[in-house]
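**Q** Using only what follows, build the 3D model:
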Amino acid sequence: MATSEKAVQEFDGQDRRDPSGRNAYRRSIFSVPVTVTVSIGQKRLSVQEILELQPDSVIALMSKVDDPVDLFIDDKLIAKGELVETDEGQIAVKIVEIIEKAVEVE
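**A** Take a look at the predicted model:
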């Protein structure tokens, strides 16, 4: 069993399928929604540059199209991925690396 599968199946050493009331409480956390943010790049601008932005302005980021993207929950880096296009034409992220210990980014 892979490490990530084991982490999902067990919580504090107790199997998620355990029907006890105590484990039901622990399992309830798995349904809590969280927002995942994907960072594709950044650029440092002065206040003057920001105030000069107009429709059709282009801000060149420090990253390239094929560079890995970072996935965050709150300010914690949880994974790295690459941008892909879905069959429906949407932008998606293919996970390429899970960060074992979430890293706080300021």
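**Q** contacting residues for the residue nearest the centre of the chain?
**A** Note on the chain: the residue nearest the mean C-alpha position is Leu71, at 2.7 Å, using C-alpha atoms, centre = their mean. Contact analysis of Leu71 by C-beta atoms under 8 Å, 6 or more residues apart in numbering lists Val36, Thr37, Val38, Ser39, Leu77, Ile78, Ala79, Lys80, Gly81, Val93, Ile95. (Each C-beta comes from the backbone N, C-alpha and C, glycine too.)
**Q** how does it look with 10 Å?
**A** Leu71 makes contacts with 36-39, 77-81, 93, 95, 97-99, as judged by C-beta atoms under 10 Å, 6 or more residues apart in numbering.
**Q** Spell out which residues make up each domain of the chain.
**A** 1-32, 33-106 (automatic domain parsing).
**Q** least reliable of these going by mean pLDDT?
**A** Of all the domains of the chain, domain 1-32 carries the lowest average pLDDT, namely a mean of 60.
**Q** Just give me the neighbour total for Asp39.
**A** Wrong residue type there; residue 39 is Ser, not Asp. Neighbour count of Ser39, defined by other C-beta atoms under 10 Å: 13.
**Q** wait, it sits on Ser63?
**A** Yes. Counting by C-beta atoms under 10 Å, Ser39 touches Ser63, with 9.1 Å between them.
**Q** out of everything not next to it in sequence, what's closest to His73?
**A** Just so we're on the same page, residue 73 is Ile rather than His. Spatial nearest neighbour of Ile73, chain neighbours left out: Val34 (5.2 Å); criterion: C-beta to C-beta, 6 or more residues apart in numbering.
**Q** Kindly indicate whether the one you found is helix, strand or coil.
**A** coil (DSSP: H, G, I helix; E, B strand; the rest coil).
**Q** For it, the count of nearby residues, please.
**A** When neighbours are counted by other C-beta under 10 Å, Val34 comes out with 7.
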